[in-house]
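# below is the sequence, then the predicted model.
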Number of protein chains: 2
Amino acid sequence: MSAISIDLVRKTAELSAEVTCPLPGSRKIYVTGSRPDLRVPMREVIQSPTQTHAGPEENPPIPIYDTSGPYTDPSAHIDLTRGLPEVRSAWIEERGDSEMLPGYSSAFARQRAEAPTLSWLRFPHPRRPRRAKPGCAVTQMYYARQGMITPEMEYVAIRENLRLDALRADPRYQRLLRQHPGQAFGAALPQTITPEFVRQEVARGRAIIPANINHPELEPMIIGRNFRVKINTNIGNSALSSSIAEEVEKMVWSARWGGDTLMDLSTGQHIHETREWILRNAPMPIGTVPLYQALEKVEGRPEELTWEIVRDTLIEQAEQGVDYFTLHAGVLLRYIPLTAERLTGIVSRGGSIMAKWCLAHHEENFLYTHFAEICEILRAYDVAISLGDGLRPGSIADANDAAQFAELKTLGELTKIAWAQDVQVMIEGPGHVPLQLIQANMDKELAECFEAPFYTLGPIVTDIAPGYDHLSSAIGATLIGWKGTAMLCYVTPKEHLGLPTKEDVREGIIAYRLSAHAADLAKGLPGAQLRDNALSKARFEFRWEDQFNLGLDPERARDFHDQSLPHAAHKLA
Amino acid sequence: MSAISIDLVRKTAELSAEVTCPLPGSRKIYVTGSRPDLRVPMREVIQSPTQTHAGPEENPPIPIYDTSGPYTDPSAHIDLTRGLPEVRSAWIEERGDSEMLPGYSSAFARQRAEAPTLSWLRFPHPRRPRRAKPGCAVTQMYYARQGMITPEMEYVAIRENLRLDALRADPRYQRLLRQHPGQAFGAALPQTITPEFVRQEVARGRAIIPANINHPELEPMIIGRNFRVKINTNIGNSALSSSIAEEVEKMVWSARWGGDTLMDLSTGQHIHETREWILRNAPMPIGTVPLYQALEKVEGRPEELTWEIVRDTLIEQAEQGVDYFTLHAGVLLRYIPLTAERLTGIVSRGGSIMAKWCLAHHEENFLYTHFAEICEILRAYDVAISLGDGLRPGSIADANDAAQFAELKTLGELTKIAWAQDVQVMIEGPGHVPLQLIQANMDKELAECFEAPFYTLGPIVTDIAPGYDHLSSAIGATLIGWKGTAMLCYVTPKEHLGLPTKEDVREGIIAYRLSAHAADLAKGLPGAQLRDNALSKARFEFRWEDQFNLGLDPERARDFHDQSLPHAAHKLA
């Protein structure tokens, strides 16, 4: 690693200082599964006792779903130049259906790996890529359909349960486990998530475990409407800002505050290298829009895109370990005229790129025509597909129009093709939708995409709040999450205005964690109300520290309290 | 006014500088009704033209409901020591059913008016109080039931319409007036609000116009589910902070950002004087919880409260001009044991005061037993009643329990008593409710309180977000507003943690303006989508200034944009 820049090394140290400290009042625990290398991380918030007339009364620790990765484990040694421990390597190897390749299959990746001018920013300890052996599928869906419960499936079962069975058997939790009946709109949430239940949901395509075999650092998680509602965060450098080190720091930051998955939407010269740094240090699934990079390769001219360039990009990214690709394969030539009367045309960047290509060549979208071939590539790495909604509405006015719903129907058709090859699929959704039109989005998605997990961007429920679109969209996200959306793509306060800072990222994540949790509560997810109940009890008993620590953002809660009542005495009584 | 403190005079000047400037890109307009002194203020956002190949294309001005009062009128002369112009005085006098009193009817008010030690902070130009002539009712409900359309009713009709009829006839607005059909859950929103429609809604108790005859400075507004959803803001000094000048400034600040009504929840020594300053300068209806002041009069000992003290307080405040009183008259002795098994007991301050009184005396709540007498007082000034939900849940765990719904039923009983005396009523609601239990709150309120307007505090939809409760509650508020709640009481980010600053107030108001508007859109309020459409068009055309100015918070939108792209060039393109 002699050639790596001093700046990157310095940033590594900074990260350690800033982001690796445990959250206040919390400790990291691990629940071990059926094998010793299957250790599922959780966070426990320690509470202080209640002072009663009869003496102190214990308040038990509250387990919390933990997305923060090894960064919040005081015993973990973090070295960003080495990457995270490869928790999944043994599982992948044991299956015996994949092999290490001698080098990158992508021409572009080989060229980048060899270019001497890039050595200063290249990740210093590259992994060798792995691919399915000829004729093999290595997707979680394939295994599930074969009746096989993978360690990944067991991992997510333990993770989703958050020790609920143990808590139910513990008298200290009895009162705190009381919960209102939910209203689940057809979701079927079991009292306990078993590995077999996970397998069944993955087999029928109702849930996905994005887990590329080239991302062994991943802590597996699941996306499906019979599990906790998840949130995605986006990062991405741009010509205007952001170095690699900043992007890696944003990824760790996102993990810390609760991002379940992360999309790297970087543009600019060093997309490939940035992605490598992120993947090797990412405990969560990483998604990308490969088209963005393909467009860089043709200097930003959509009409010059070719299937060959995109194909090489898919392979390049699959061998780096990207866990899911957003592919705008449903933007069909004949749908483009349906957007002509819109107030805000086509606002999806990927959608607009493909529309330009289709119109320039007057040919059908090559992602659509080559879709089966794409699936063949992805099944060899287990890259999940997030079917992009390139024709999503860009305003309240354009919500639920003919273009949007025509594309959705095509996404259903593509889902069937992907499933035929055991490729995991989720479906992207809007965007901008007023409240009364949200239900139709969910209903249509479930019907036309056969219950494949829905993954929406908000939606924003009014367009009049620039500067507050995290909030406008969190309202829509909560409602659609309740109705059955499996993952909510966050929006920051800077949406429509500029690039988010770290504080904007935090604000967006907390808004969406709140939304996802409110949706879980409303659906009646077993155990979801425990944290609310514990926090409410702490609040009622003026246990301020416990109230802060049980909250989504202990630092802000404490800070706000201290602005009015800074004295320690005000945190007791 | 020689004795008034220099500090207050100085603050007056500061206000002028800080809060009276018009919002960017906006101008104040007035729509005149059937008489020249009926001038309804609105704000118009001026837009720049769209640059097309065929030359510039005009974008017409967008009218916006304006709560900001004369403070944003550059031609208004603001002098806080004089108070606002008395827009309603002639209307009240003309009715001939009320008379000026020689002095205050309340013993407490007389004593405060005469105490020499208070001259430094007393409002320097007091009004003489007015009361109904013996045997007369002066409530808007009384007039409505008599078939009379008051200037207040005409005023709110014009205000609610926002010139929609004129816009419909103007070709420049045709495309911008397109709107999705709403889903109104039984609300009946007319295409145009006529004064007669307002009269009917007030007559049947489905809407209220809080408008005390002692608050002639008021710009009338209406609260009911067939009108725009409204928001209430709270201010209040406390022993720990806030001077009178700060409270007045917060009131003006609240008006500026969009508070429709304002509750003065002040405590401490100078409640009476603070309220006078606020009322004389308030363009919006002012509400109070008279019990808070009554409690100060017995030095904070609930058990020492008496009906006589409360009665004098009601008269004191009614003669100052308070427009609505929150009265916790439904907290009955027999309901208190229903809270014993709660996780968070009784969290309403008023509810807890009355519960303590009931238990100390083992007698029925005197607000309940004297309710008819209370109504007799209020009908002589037209003070509306906001029936407080003293047993509202303080946590998700306690939502929709027996105590809460028992009280709600009693509020319905009290509604009938008030209506029998032509007193206007609204019903307060929670608080803390998970999403799936919100509908039941609305359904029960409509059924058991005979469609009297519902006025809820959020509700917060999860308890795990201290520091973000404006957001948690805005989610619940949006949903319950859509279902039919007429007014949403805002929550700031400091809720549960500390006292809000001016910035917190702004954050809370914008969150709630967003909620109320999203609810209007979802209900299909005619014309509601106009502002969304105009902003979306501006966004799509990169008319940045128009996008900022059409938003709820132009300053923040511009600031966020400039953080990323500070150059003027980035605001065109």
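That came through fine. Numbers count the residues shown, from 1 in each chain, chains lettered A, B, ... in the order given.
# please identify the buried residues of the strand or helix carrying A:Phe108?
Following DSSP states H and E, one finds A:Phe108 within helix A:107-114. Judged by neighbour count using 16 or more other Cβ atoms under 10 Å in any protein chain shown, the buried positions of helix A:107-114 are A:Phe108, A:Ala109, A:Arg112, A:Ala113. Glycine gets a C-beta too; all of them are placed from N, C-alpha and C.
# which of the residues you listed lies closest to chain B?
Ranked by distance to chain B (Cβ to the nearest Cβ), the buried residues of helix A:107-114 are led by A:Arg112 at 28.9 Å.
# if we ignore the residues flanking it in sequence, what's nearest that closest one?
Among residues not flanking A:Arg112 along the chain, A:His272 sits closest, at 5.0 Å (Cβ to Cβ, 6 or more residues apart in numbering or on different chains).
# on that earlier part again, quick check, nearest of the buried residues of helix A:107-114 to B:Ile193?
Proximity of those to B:Ile193 (Cβ to Cβ) peaks at A:Phe108, which lies at 62.8 Å.
# wait, the closest one sits on A:Val310?
No. Counting by Cβ atoms under 8 Å, A:Val310 is not a contact partner of A:Phe108; they are 11.2 Å apart.
# just the terminal-to-terminal distance for stretch A:300-316.
Across stretch A:300-316, the terminal residues are separated by 19 Å (Cα to Cα, to the nearest Å).
# burial measure for the residue nearest to A:Leu499 when sequence neighbours are not counted, as a count.
Among residues not flanking A:Leu499 along the chain, B:Ser564 sits closest, at 4.8 Å (Cβ to Cβ, 6+ apart). For B:Ser564, the neighbour count with other Cβ atoms under 10 Å in any protein chain shown is 16.
# per-residue pLDDT of B:Ser564, please?
What the model reports for B:Ser564 is a pLDDT of 77.
# one more: A:Ala13?
Note on A:Ala13: pLDDT of 55.
# same deal with A:Thr267?
What the model reports as pLDDT for A:Thr267 is 82.
# beta-bridge partners for the residue in the stretch 1-150 of chain A that chain B sits nearest to, please?
Going by Cβ to the nearest Cβ, chain B is nearest to A:Ile64 of the stretch 1-150 of chain A, at 9.4 Å. Beta-bridge partners of A:Ile64, counted by DSSP bridges, are A:Arg43.
# hang on, isn't it packed against A:Met42?
Yes. A:Ile64 is within contact range of A:Met42, at 6.9 Å (criterion: Cβ under 8 Å).
# what touches both of these two?
Common neighbours of A:Ile64 and A:Met42 (criterion: Cβ atoms under 8 Å, 6 or more residues apart in numbering or on different chains): A:Leu162.
# tell me which stretches of the stretch 51-200 of chain A form helices.
Secondary structure of the stretch 51-200 of chain A (DSSP state H, counting those that start in this stretch): helices at A:89-94, A:107-114, A:140-145, A:151-161, A:164-168, A:195-203.
# and the ones you listed as JSON lines, adding mean pLDDT?
Listed next are the helices of the stretch 51-200 of chain A as JSON lines, based on pLDDT from 0 to 100:
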{"stretch": "helix A:89-94", "mean pLDDT": "98"}
{"stretch": "helix A:107-114", "mean pLDDT": "95"}
{"stretch": "helix A:140-145", "mean pLDDT": "98"}
{"stretch": "helix A:151-161", "mean pLDDT": "98"}
{"stretch": "helix A:164-168", "mean pLDDT": "98"}
{"stretch": "helix A:195-203", "mean pLDDT": "98"}
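# what segments of the stretch 301-450 of chain A are strands?
Ranges of strands in the stretch 301-450 of chain A, per DSSP state E, counting those that start in this stretch, are A:324-327, A:384-387, A:425-429.
# out of those strands, flag the one nearest chain B.
strand A:425-429 (17.2 Å).
# which ones are touching the residue of the stretch 1-150 of chain A closest to chain B?
Contacts for A:Ile64 (Cβ under 8 Å, 6+ apart) come out as A:Ser26, A:Met42, A:Arg43, A:Glu44, A:Val45, A:Leu162, A:Arg531.
# quick one: low-confidence ranges for the stretch 101-250 of chain A?
Residues of the stretch 101-250 of chain A meeting the criterion pLDDT under 70: A:237-242.
# thinking again about what came up before, now for the helix holding A:Phe108, which elements pack on it?
Counting contacts by 3 or more Cβ pairs under 8 Å, 6 or more residues apart in numbering or on different chains; DSSP states H and E, helix A:107-114 is packed against helix A:271-280, helix A:307-320.
# what's in contact with that helix?
Here helix A:107-114 has contacts from A:103-104, A:118, A:122, A:126, A:272-273, A:297, A:312-313, A:315-316, A:319-320, using Cβ under 8 Å, 6+ apart.
# so A:Ala187 makes contact with A:Lys483?
No. Using Cβ under 8 Å, A:Ala187 makes no contact with A:Lys483, being 9.0 Å away.
# give the residue from those two that has the larger number of neighbours.
Neighbour count, other Cβ under 10 Å: between A:Ala187 and A:Lys483, A:Lys483 has more, with 24 against 20.
# let me know the distance separating that one from chain B.
Using Cβ to the nearest Cβ, to the nearest Å, A:Lys483 is found at 10 Å from chain B.
# again with A:Cys375
To chain B, A:Cys375 is 35 Å away according to Cβ to the nearest Cβ.
# so can I have TSV of the contacts of helix A:107-114 showing distance to A:Lys230 and neighbour count?
Below are the contacts of helix A:107-114 laid out as TSV (distance: Cβ to Cβ, whole Å; neighbours: other Cβ atoms under 10 Å in any protein chain shown):
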residue	distance to A:Lys230	neighbour count
A:Gly103	35	12
A:Tyr104	31	20
A:Leu118	34	16
A:Arg122	32	22
A:Pro126	29	13
A:His272	27	22
A:Glu273	28	18
A:Lys297	31	17
A:Asp312	31	19
A:Thr313	26	26
A:Ile315	27	23
A:Glu316	27	26
A:Glu319	26	25
A:Gln320	22	26
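# among the residues you listed, which pair sits farthest apart?
A:Pro126 and A:Lys297, at 20.8 Å, using Cβ to Cβ across the contacts of helix A:107-114.
# what residues of stretch A:384-404 count as buried?
Residues A:384-401, A:403-404 are the ones in stretch A:384-404 that count as buried (16+ other Cβ under 10 Å).
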